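K.L.:
fold the following for me, if possible:
(chains A and B)
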Amino acid sequence: MNPTALIAEDEPLLAQALKAELAAAWPELQVVATTGDGRSAVREALRLLPQVLFFDIRMPGLDGLGAAAELADSWPADEAPMPQLVFVTAYDEYAARAFETQAIDYVLKPVQPERLRKTVLRLQQALTAQQPSKPAQAAADETLERTLAQWRQVLAAASGGAQTSAAAPLRMVAASDAGGSTVRMVPIDEVLYFEAADKYIRVLTAQHEYLIRTPLKQLLTQLDPEVFWQVHRAVVVRSSTIEAVHRDEAGKLHLDLRGRSEKIPVSRLYAHLFRAM
Amino acid sequence: MSVEALPRFRAENVRGMLRHGLITIVFCCFIAAALAITQHGSWGAQMVYSLSIGLISWLFIDVGRLLISGHQEILWPSGPWGYLLIAGGVTVGFLAGNAIGDAWTNQPLLDFRSFTQRKLATTIIITLTATVCMCFFFYSLGRTRHMRRQIELAQRNATEARLKLLETQLEPHMLFNTLANLRALIATDPPRAIAMLDRLNNYLRMTLSGSRALAHPLSAEFERLADYLELMSVRMGDRLRYTLELPEDLRDMPVPPLLLQPLVENSIRHGLEPKVEGGRVSVRARQDAGRLVIEVSDTGIGLDADRPAAEGSGFGLAQVRERLATVYGDQGQMSLAAEPAGGTRTIISFPLPRRA
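P.N.:
From the prediction side, this is the model:
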């Protein structure tokens, strides 16, 4: 069976060019879909389960990094192995920094044939390495875990998370209350978790809920990574309030917190935090 | 400026003080020498008097000025405080310095009271004149240094602003993506690649030199907008549609070059690029009651959606506002509003200039 790929690139000419270069460098590769934004990339990838993803970083709607994070979470790992991910970028300082780790391959636009051939070679090796391990569930799990670790590393570096906590940690959160007319100073020690919702971040204490407008990405750089754990694309939890971790029938993890009754979802990218010791 | 930013006795100030002290010592030696020669006094005694008076005055005034004005840029107290400080320095220096001198020469401690009128007057006049001269000298020195620093700062700021402007206009992401598109077109559609290259050429030439010319006709401004929009529409495909409307009789109106560019760039970068289905940018010029009104509107994601991501848009708008103010004073106006159907509308207007 021919290997399959999906291209997510918002500039039509560049998508076409990448397709043409790929056809030359890897004739057997079958591009099953080309999408122009992150959201449809996720949708199509989940529908077609391709083996390789070429993601542009800057895309309208959901960007390439966001799309990768979403896929990591909802990819049906028991149906198909995690896809190989290649980022395609024209010039993104933050991404370039992330890619220095070399955990995930990337190609720069304009895509040059020699460079692309190297990527193709690496992808082919990775795909063949995947084949024999298929029957053994344990080996497949290991591959999944390794892939997730790579993605996590790149996404964290690219979003300026964990590593850049050099700035003074936040002590008080200036948040508006539900009415929006008053700004409350909420001590960080009272916050149990943060949850990104649309344009806002909900700040939850044992009794109350407040809203802030700082993007989660930026907030993360101001939080002590030992104290607050990101457990989901949209959720950061105070680690000391986590009481229990449950696994449902579908294999998804949920957290119970002391002091809050709702269940907090854990995405697959961060499930490694809760593996029994 | 905050208190933390300028601590009184930071190393730089203390160094300045010690430098003043050294100059004071040299100066005092000259006075002592002059007095020793003219008044045939003992060289050693004159030295002690002169140095005691001089150094005490210096210490009093220099420490005093830092205490009073430690947080200002020029380290000299304003208004009457400056004169009071000198008077205080002279008095304290004179009294204490004389006392030390008297002790050294073994004369009665309060002997200066019984000095002859002439001698007393001479000493006071010398102390006063020397102190005022020294203070004025140090003050001018400090002021010159301060002015020089201000000029350097202004120059650096101007350079920085220019760099930042260039950086926003020649944003690497835009440039590299355009080049990537160009590369794709060369293989598939050479005539279109040539057209795109010409547009890019115009755009770069204007961006790199445009900020230097004072004015160009409105038609030229619209052509540059067309270059930029055409480049962007090659990249964005059918996600970008645009209209440029320029009435015939306004074509020759002089306008500051690239005045509209940041507005159109904002519309695309922060309005249409983040929107999945894209949209339309319209630029319209018209006359209204003796004013030239230019309207840039888009059907993008609008003003209130996730502004923190819209980094740089603030700089673009501030820059347009600043240029309007520089050229037209309070006659230049700019307003920014959300479109009811989503998107943003920016309107700038200024008095119709006389034809160039």
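
K.L.:
okay, domains of the chain per the record?
P.N.:
Defaulting to chain A. A:4-159, A:172-274 (automatic domain parsing).

K.L.:
oops, wrong one, chain B.
P.N.:
Here the domain parsing of chain B from automatic domain parsing is B:11-159, B:172-351.

K.L.:
what about the shortest one, how long is it end to end?
P.N.:
When the termini of domain B:11-159 are compared using CA to CA, to the nearest Å, they are 29 Å apart.

K.L.:
now that domain: mean pLDDT?
P.N.:
The pLDDT scores in domain B:11-159 average 80.

K.L.:
low-confidence stretches in the stretch 151-277 of chain A?
P.N.:
A:157-168, A:178, A:276-277 (pLDDT under 70).

K.L.:
picking up where we left off before, A:Ala23: which of the domains of chain B is closest?
P.N.:
Closest to A:Ala23 of the domains of chain B is domain B:172-351 (CB to CB; 12.4 Å). Heads up, the C-betas are built off the backbone N, CA and C, glycines and all.

K.L.:
secondary structure element holding the residue positioned nearest the centre of chain A?
P.N.:
Centroid-nearest residue in chain A: A:Ala69, 1.9 Å away (criterion: CA atoms, centre = their mean). A:Ala69 belongs to helix A:64-74 when assigned by DSSP states H and E.

K.L.:
what of A:Ala24?
P.N.:
Assigned by DSSP H and E, A:Ala24 falls in helix A:12-25.

K.L.:
buried residues, the longest strand belonging to chain B. List them.
P.N.:
Taking DSSP state E as the criterion, chain B has its longest strand at strand B:279-288. Buried residues in strand B:279-288, counted by 16 or more other CB atoms under 10 Å in any protein chain shown: B:Gly279, B:Arg280, B:Val281, B:Ser282, B:Val283, B:Ala285.

K.L.:
helices or strands up against the helix holding A:Ala24?
P.N.:
strand A:4-8, strand A:30-35, strand A:52-56, helix A:113-130, helix B:172-188, helix B:218-236 (3 or more CB pairs under 8 Å, 6 or more residues apart in numbering or on different chains; DSSP states H and E).

K.L.:
run the chain-centre distance for stretch A:145-159.
P.N.:
7 Å (CA atoms, centre = their mean, to the nearest Å).

K.L.:
quickly check: it near chain B or not.
P.N.:
No - with CB under 8 Å from any CB of the partner chain as the criterion, chain B is not reached by stretch A:145-159; the gap is at least 12.6 Å.

K.L.:
stretch B:67-80: end-to-end distance?
P.N.:
End residues of stretch B:67-80 are separated by 15 Å (CA to CA).

K.L.:
on that earlier part again, can you add distance to A:Leu108 and give the domains of chain B back as CSV?
P.N.:
As requested, the domains of chain B are arranged in CSV below (distance: least, CB to CB, whole Å):
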stretch, distance to A:Leu108
domain B:11-159, 30
domain B:172-351, 8
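
K.L.:
minimum distance to chain A: which of these has it?
P.N.:
domain B:172-351 (3.6 Å; CB to the nearest CB).

K.L.:
who in the stretch 151-277 of chain A is up against chain B?
P.N.:
So the stretch 151-277 of chain A meets chain B at A:Lys199, A:Arg213, A:Thr214, A:Pro215, A:Gln218 (CB under 8 Å from any CB).

K.L.:
correction: the stretch 1-150 of chain A
P.N.:
When proximity is defined as CB under 8 Å from any CB, the stretch 1-150 of chain A approaches chain B at A:10-14, A:16-17, A:20, A:36-37, A:39-40, A:58, A:60-61, A:90-92, A:108-111.

K.L.:
give me the buried subset of the residues you listed.
P.N.:
Judged by 16+ other CB under 10 Å, buried ones among the residues of the stretch 1-150 of chain A next to chain B: A:10-14, A:16-17, A:36-37, A:39-40, A:58, A:60-61, A:90-92, A:108-111.

K.L.:
ok, the closest residue to chain B within the stretch 151-277 of chain A to A:Met185 distance?
P.N.:
Nearest residue of the stretch 151-277 of chain A to chain B, counting by CB to the nearest CB: A:Pro215, 5.5 Å away. Computed as CB to CB, to the nearest Å, the A:Pro215 to A:Met185 distance reads 20 Å.

K.L.:
these two: who's more crowded?
P.N.:
Ranked by neighbour count (other CB atoms under 10 Å in any protein chain shown), A:Pro215 and A:Met185 place A:Pro215 first, with 15 against 9.

K.L.:
if I look at the more buried one, how far off is A:Ile264?
P.N.:
A:Pro215 is 20 Å from A:Ile264, by CB to CB.

K.L.:
picking up where we left off before, so which elements touch the longest strand of chain B?
P.N.:
Using 3+ CB pairs under 8 Å, 6+ apart, strand B:279-288 is in contact with helix B:218-236, strand B:240-245, strand B:291-298.

K.L.:
do you know which of these lies nearest A:Arg238?
P.N.:
Here strand B:291-298 is closest among the helices and strands packed on strand B:279-288 (CB to CB), at 41.8 Å.

K.L.:
got the angle for the closest one vs helix B:218-236?
P.N.:
Here the directions of strand B:291-298 and helix B:218-236 differ by 0 degrees (axes from the mean of the first three to the mean of the last three CA atoms, to 10 degrees).

K.L.:
buried ones in strand B:291-298, by neighbour count?
P.N.:
Applying 16+ other CB under 10 Å to strand B:291-298 flags B:Leu292, B:Val293, B:Ile294, B:Glu295, B:Val296, B:Ser297, B:Asp298 as buried.

K.L.:
how about the helices in the chain?
P.N.:
This is for chain A. With helices called from DSSP state H, chain A shows them at A:12-25, A:38-48, A:64-74, A:93-99, A:113-130, A:137-158, A:216-220.

K.L.:
other chain: chain B
P.N.:
According to DSSP H, chain B carries its helices in the segments B:11-38, B:43-69, B:80-105, B:117-169, B:172-188, B:190-209, B:218-236, B:261-266, B:313-328.

K.L.:
so what's the gap between the third one and the chain middle?
P.N.:
For helix B:80-105, the gap between its own C-alpha mean and the chain's C-alpha mean amounts to 41 Å (CA atoms, centre = their mean).

K.L.:
other SSEs contacting that helix?
P.N.:
helix B:43-69, helix B:117-169.

K.L.:
measure how the last one sits relative to helix B:190-209, angle-wise.
P.N.:
Spelled out, that is helix B:117-169. Using the same axes, to 10 degrees: helix B:117-169 against helix B:190-209 is 170 degrees.

K.L.:
close to chain A, is helix B:117-169?
P.N.:
No - Helix B:117-169 stays clear of chain A (CB under 8 Å from any CB), getting no nearer than 12.2 Å.

K.L.:
run through the neighbouring helices and strands of that helix.
P.N.:
helix B:11-38, helix B:43-69, helix B:80-105, helix B:190-209, helix B:261-266, helix B:313-328.

K.L.:
let's see 6 Å
P.N.:
When contacts are defined as 3 or more CB pairs under 6 Å, 6 or more residues apart in numbering or on different chains; DSSP states H and E, helix B:117-169 packs onto helix B:80-105.

K.L.:
re the thing from before, contact partners for the residue nearest to the centre of chain A?
P.N.:
A:Ala69 is in contact with A:Leu155, A:Arg233, counting by CB atoms under 6 Å, 6 or more residues apart in numbering or on different chains.

K.L.:
cool, B:Ser57 as well?
P.N.:
B:Ser57 makes contacts with B:Gly89, B:Gly93, B:Thr131, as judged by CB under 6 Å, 6+ apart.

K.L.:
and the pLDDT at A:Ala98?
P.N.:
Here, the pLDDT recorded for A:Ala98 equals 61.

K.L.:
what does B:Gly332 give?
P.N.:
90.

K.L.:
neighbours of it, how many?
P.N.:
Counted with other CB under 10 Å, the neighbours of B:Gly332 add up to 21.

K.L.:
can you pull the phi/psi pair for it?
P.N.:
phi -90, psi 130 (degrees, to the nearest 10).
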